[in-house]
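1. I need the structure of the sequence given here:
(2 chains)
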Protein chains: 2
Amino acid sequence: MTKNDSLFSNDFLSTDFIMAAIQQFYQHRDADDSVSFNEIQKLFRSFTTDYHSIDLEKYIRHLNQNVLIHSTHLASPTFIGHMTSRLPNFIIQIAPLVVALNQNLIKTETSKGLTFQEKEVMAKMHHLIYDFSDEFYQKYIQDHSNSLGFFTSGGTISNVTAMYTALNASADCEGSRLKYWLQKGFADVVIIGSELLHYSFEKAADLLGLSFIKCSVNAQYQIDLNELNKLIERCHLENKKIIALIGVAGTTDFGSVDDLSALANIAKQENLHFHVDGAWGGAFILSSTYKNQLLKGIEKADTVTLDGHKQLMLPLGSGMIFFKQPELARQNMHHAPYAVRESSIDIGRFTIEGSRVANGLYLDTALTLLGQEGYEDILKHSLANAQYMANKIIASEEFELIFQPSMNILLYRYIPLQYRNKHLNEDDNKAINQANVLLQKTQKEKGRTFVSRTTRQTHLYPQQSLVLLRSVLFNPLTQTQHIDEVLQDQINIAKKLNLE
Amino acid sequence: MTKNDSLFSNDFLSTDFIMAAIQQFYQHRDADDSVSFNEIQKLFRSFTTDYHSIDLEKYIRHLNQNVLIHSTHLASPTFIGHMTSRLPNFIIQIAPLVVALNQNLIKTETSKGLTFQEKEVMAKMHHLIYDFSDEFYQKYIQDHSNSLGFFTSGGTISNVTAMYTALNASADCEGSRLKYWLQKGFADVVIIGSELLHYSFEKAADLLGLSFIKCSVNAQYQIDLNELNKLIERCHLENKKIIALIGVAGTTDFGSVDDLSALANIAKQENLHFHVDGAWGGAFILSSTYKNQLLKGIEKADTVTLDGHKQLMLPLGSGMIFFKQPELARQNMHHAPYAVRESSIDIGRFTIEGSRVANGLYLDTALTLLGQEGYEDILKHSLANAQYMANKIIASEEFELIFQPSMNILLYRYIPLQYRNKHLNEDDNKAINQANVLLQKTQKEKGRTFVSRTTRQTHLYPQQSLVLLRSVLFNPLTQTQHIDEVLQDQINIAKKLNLE
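-> Numbers count the residues shown, from 1 in each chain, chains lettered A, B, ... in the order given. Reported below is the predicted structural model:
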């Protein structure tokens, strides 16, 4: 162990050179570098573990020269295409502490204080969603037989956990509930939600052996309630057991929010588990104003998914799931001789995952240093940016807005000169699709600015899939001039490409 | 946005006070503080989000005074009870960089260079496990249609992924393979492994609707091959479809390793998916000597689970799964319009999880700065410590060793005076069980040293479950005198408790 001693010594650890590397990375104003994937791939072809015996400073220099320059500049104010942005400084600064503590939230024996701290911060979030009485939280905040909620590795595992909970709660028996319902004579066991749900529900259905029935959406890109009622009726006729109804608060592509109150009523009437996927839009619970405007009915959900690493600006891997009734979490309890005794106060016995990092510490830091007030400012800024960009697009000749955004996600497309101000037929739209693919690809390759791209059916041309440009506005550094820059960059690229 | 501006400014970020807090935390020599759970719980009962408008330095002082003092001192050399230890300094130092980069490995658009870097470092690990030819790695290292392996949030999701892969590969059809096999007339769909497998396989079976058939173990705590053959035979007779055979390289409680070569042969003969859970012991692939001694046959596994956050000493959340044949990963492919196009080079289309942090950067740092050589030194030190502790226990009057450790996990128990050097009956063992529960509880509460506790059937008294003390030796800071200290602490506590 002598040669490794210095790697575990308790001498003062300098991170100045790390912070300098971060600063340098943050100075990139472009959204990306312009080196192609093919070129970058050539740099990463070594499959033997050669030990170079270099120190960390040297390694960071190597990273700077060979790896970081090719990393995506998510912090750039003109990178407005995905749900990944600049993080607040305090999150970056506190990271070494969270890593060094190395507390494993699976059990109290490896996370003494932080087990209780996670439960406290989960209660705070639960309170923001459900707003139950003081007595309720006094009873449950440190109750170890039940759970108000816990962290997961992300929205996907949160949504899987929610569907697993719904399935487990659907029948009062041991073992596979799927087999139980099939043996009871049901033709299928299903979950229902809008066609705009995140594809983690397809994964959840696939894992659990369920079928995911997709409902069409209305003109506001919300689940169509008439259609939904028909689908439920058909499930009854076809002898399909429905176990969960899913609402979404902020669809990935449109940012639209389902009518959560109406869904809650249908779920109640049909005796279904009601889950709300708030991975994107759930963050608006942090502002009581926006919560009332945008998330009405979320408090009626049996389970809610949030993603700390999206609009809450925590590090990646900060999914969360909440249980309206803390007893519901017991549906997923597991027992292992060494991990979870009956009287255990370990959080691990409720989770699908095992070992887990102390993400509660990041969230507590953010709630203390930013607070609801700070988050509200950022959310307000994001919504204003989205409205600015929408107006700008409407006022422009070059672009077409697909819908008035209800949150901070926008869909639009570039219209080449010859297709402007005229009725578009199917062939026209095909040509426009091609133009937008080329435009977004080129924009990405050039790397100055970035929006993403999706292909969706819209209410503008219901029979046809459109290629759309997708802008996600939540970087606090993005100002109106950066939005102008992104649109101007696209106009310039379109001109250069002769997209006419 | 004015009031939050400073939180996103690119001024030089100091982390000196964070590093000082880490230093302070690392100075604790005890394994834990001695404040009871009941007392700590009282500190975490605030469920409203009060914004205190304090800065990070003030917040860290608050953490130091109220939270960190109650955190488990996993870095302490006398904390030898769980799979969580001190991390190397470079991992702590590089953490802010990984967090600041915020690259999301789900897609190349949010992790340009690091997508290729993860594939490279996965190839290095794949090479250590499977040792295929140069041509093989040249072909697959950057192949985006297939996958050599990827990170998950932990061993549990890796094992779930492996079972999901096996299930998907079991039938050439779309939709639920479970339903497919049941409709084909099979009575059940099952996975088989030893009764000492990690409980993540119960979770995996539960999620996927499978049954987990547990096989008994031999005197070396390896899966009993005769019993296994009988179980397989019985499955055939009872018309149960077996989809996977699981071997473990390092059981959680015993550190024992199944006869992987024999299991591979049986799997081949029966045409079953063969998975090896190397979450604990898989780390020994880093030493060719130990790999040959301890992990023979691991290279025959269709899939292998490793956990970076155990013996590889990466941050929590660093599970990995590897596919012997990279084409196998295609079984789990998902498609979403915005996330994964057919021609996509995104890693995300193979993973159950969605958004993912750049854990490959931590692993690459460790492989460069520690290297195989550094890891081998640490593993050697750990095995020597385990042997030292085993010998010490055998030579002692007070303790009984349950088995000669094959790795760095030990099981033993305290024998009160009146039960030494005599034949033990059932009542005696019950009394000894109670004594060991009390001993370990008190040791944990006092907090000077720590080992964990489990309840298992052993070959010493096959009819009876024994309460056992469990020591996990892999903290590089643990020296022989610390092991002496732990055992002496237990003897002292036993005396004080009058465990005679």
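2. Which residues of the stretch 401-500 of chain A lie near chain B?
-> Proximity of the stretch 401-500 of chain A to chain B is confined to A:444, A:450, A:452-456, A:470, A:476-477 under the rule CB under 8 Å from any CB of the partner chain. Using the backbone N, CA and C atoms, a C-beta is placed for each residue, glycine as well.
3. Can you tell me which of those are buried?
-> In those, burial by neighbour count holds for A:444, A:450, A:452-454, A:456, A:470, A:476-477, counting by 16 or more other CB atoms under 10 Å in any protein chain shown.
4. Okay, the residue in the stretch 301-450 of chain A that chain B sits nearest to and residue B:275: tell me how far apart.
-> Among all residues of the stretch 301-450 of chain A, residue A:371 sits closest to chain B, at 2.7 Å; criterion: CB to the nearest CB. In this structure, residue A:371 and residue B:275 are 47 Å apart, going by CB to CB, to the nearest Å.
5. Look at those two and report which has more neighbours.
-> Remark: of residue A:371 and residue B:275, residue B:275 carries more neighbours, 30 against 18, as counted by other CB atoms under 10 Å in any protein chain shown.
6. that's a strand at the more buried one, yeah?
-> Yes. Secondary structure assignment places residue B:275 in a strand (DSSP: H, G, I helix; E, B strand; the rest coil).
7. Not counting residues beside it along the chain, what's closest to residue A:173?
-> Nearest non-adjacent residue to residue A:173, counting by CB to CB, 6 or more residues apart in numbering or on different chains: residue A:180, 5.3 Å away.
8. what's around that neighbour, how many residues?
-> With other CB under 10 Å as criterion, residue A:180 counts 19.
9. Hmm, it is touching residue A:174, no?
-> No. If you go by CB atoms under 8 Å, residue A:180 and residue A:174 don't touch, sitting 9.1 Å apart.
10. just to revisit the earlier point, out of the residues of the stretch 401-500 of chain A next to chain B, which are inside strands?
-> The strands, defined by DSSP state E, take in A:452-456, A:470 from those.
11. what's the farthest-apart pair in those?
-> Spatial extent of these (CB to CB) is set by the pair A:452 and A:456 at 12.2 Å.
12. before we move on, back to that, which SS state does the residue nearest to residue A:173 fall under?
-> For residue A:180, the secondary-structure state derived from three-state DSSP is helix.
13. closest to chain B among the buried ones among the residues of the stretch 401-500 of chain A next to chain B?
-> Of all those, residue A:454 has the smallest distance to chain B: 4.0 Å, by CB to the nearest CB.
14. re the thing from before, would a markdown table of the buried ones among the residues of the stretch 401-500 of chain A next to chain B with pLDDT be doable?
-> Rendered in a markdown table, the data for those read as follows (pLDDT from 0 to 100):
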| residue | pLDDT |
| --- | --- |
| A:444 | 93 |
| A:450 | 96 |
| A:452 | 96 |
| A:453 | 95 |
| A:454 | 95 |
| A:456 | 94 |
| A:470 | 98 |
| A:476 | 95 |
| A:477 | 94 |
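15. for these, which one is nearest residue B:80?
-> residue A:476 (45.2 Å).
16. Pretty sure residue A:209 sits against residue B:208.
-> Yes. Under the criterion of CB under 8 Å, residue A:209 is in contact with residue B:208, at a separation of 7.0 Å.
17. any residues in contact with both of those two?
-> Where contact means CB atoms under 8 Å, 6 or more residues apart in numbering or on different chains, the residues bridging residue A:209 and residue B:208 through contact with each are residue B:178.
18. So which bits of the stretch 151-300 of chain A are right by chain B?
-> Of all the residues in the stretch 151-300 of chain A, those lying near chain B are A:152-157, A:160, A:164, A:175-176, A:178-179, A:182, A:198-200, A:202-203, A:206-211, A:252-253, going by CB under 8 Å from any CB.
19. Quick one: residues contacting residue A:359.
-> Taking CB under 8 Å, 6+ apart as the definition of contact, the neighbours of residue A:359 are A:118, A:151, A:308, A:314-315, A:317-318.
20. Which pLDDT value goes with it?
-> In the predicted model, residue A:359 carries a pLDDT score of 97.
21. swap in residue A:286?
-> Here the pLDDT value assigned to residue A:286 is 96.
22. dump the residue contacts of residue A:245.
-> With the criterion set at CB under 8 Å, 6+ apart, residue A:245 makes contact with A:191-193, A:263, A:266-267, A:270, A:272-275.
23. which SS state does residue A:125 fall under?
-> What three-state DSSP gives for residue A:125 is helix.
24. All the helices of the stretch 201-350 of chain A, residue numbers only.
-> Counting by DSSP state H, counting those that start in this stretch, the stretch 201-350 of chain A has helices at residues A:225-237, A:260-270, A:288-294.
25. Tell me which of the ones you listed is the most buried.
-> Among the helices of the stretch 201-350 of chain A, ranked by average contacts under mean count of other CB atoms under 10 Å in any protein chain shown, first place goes to helix A:260-270 (a mean of 18).
26. quick one, what contacts the residue lying closest to residue A:175 once chain neighbours are set aside?
-> With CB to CB, 6+ apart as the measure, residue B:211 is the residue that lies nearest to residue A:175, at 7.7 Å, once sequence neighbours are left out. Listed by CB under 8 Å, 6+ apart, the contact set of residue B:211 reads A:175-176, B:188-191, B:205, B:240.
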